[in-house]
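Visitor: Sharing a sequence plus its predicted fold:
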Amino acid sequence: MGGSNFAYGLVLIITASCMLAVSTANKDWQFGFNNHWPPYKGGSHHPKYRQAAPNKVIVGGSEGWHFNFSYTNWAFKNGPFYLNDTLVFKYDPPTDNTTIPHSVYLLRNLRSFITCNLTGAEMLADATQGGGQGFEFVLKNWKPHYFACGQHDGIHCSLGQMKFFVVPMPRWFK
């Protein structure tokens, strides 16, 4: 009998400590339907749990998309990026022989990104699409996106540092 009382007591202590841990982790929890009447069936009205609107981010900030700028560092400093955020690539379209043309490619994988290999890459924007409001790309998939300038067979990517990658996260990570 003494052993079973000990086991019951141990189970009681473990249960109580689990309940204490859960209650302190969920300190904003309230009984009922989000504490609203009538009950709201579309999610929480609580400001803490509202979905933030997607961001529109200009790649490179005020620098835009140009040769000899570390976009990998820029992406690291300006992240994280979330699903449905929009990346805006702004660059001058070629107007004469003094304007260096740029483009935007989506590379296939990390190996292509590291080596700036454009084989099998998808051209997202040509040299003319970065002018004005710029070219917009919406991050719709929860996967790595490898971006690079494809001009001059990848020289802008390899020598000009015109490449970066992002892995957009769901907003509930925010």
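Guide: Everything's here; your move.
Visitor: Next SSE downstream of the helix or strand bottoming out on mean pLDDT in the chain?
Guide: Lowest mean confidence among the helices and strands of the chain (mean pLDDT, DSSP states H and E): helix 2-25, at a mean of 55. Toward the C-terminus, helix 2-25 is succeeded by strand 56-58 as the next helix or strand (DSSP states H and E).
Visitor: Give me the sheet partners of that following strand and which way each runs.
Guide: Strand pairing for strand 56-58, using DSSP bridges, gives strand 86-89 (parallel).
Visitor: got the contact list for residue 144?
Guide: Residues touching residue 144, when contacts are defined by Cβ atoms under 8 Å, 6 or more residues apart in numbering, comprise 110, 165-167. No exception for glycine: its C-beta is placed from N, CA and C like everyone else's.
Visitor: Let's see that with 10 Å instead.
Guide: With contact taken as Cβ atoms under 10 Å, 6 or more residues apart in numbering, residue 144 is in contact with 107, 109-110, 113, 165-168.
Visitor: among those, who's most crowded?
Guide: With neighbours defined as other Cβ atoms under 10 Å, the most crowded of these is residue 107; it has 27 neighbours.
Visitor: tell me the SS of residue 172?
Guide: helix (DSSP: H, G, I helix; E, B strand; the rest coil).
Visitor: Residue 111 versus that one, what's the distance?
Guide: 31 Å (Cβ to Cβ, to the nearest Å).
Visitor: do residue 81 as well
Guide: According to Cβ to Cβ, residue 81 and residue 111 sit 22 Å apart.
Visitor: try residue 83
Guide: When distance is defined by Cβ to Cβ, residue 83 is 25 Å away from residue 111.
Visitor: and those two? which has more neighbours close in?
Guide: residue 83 (16 against 10).
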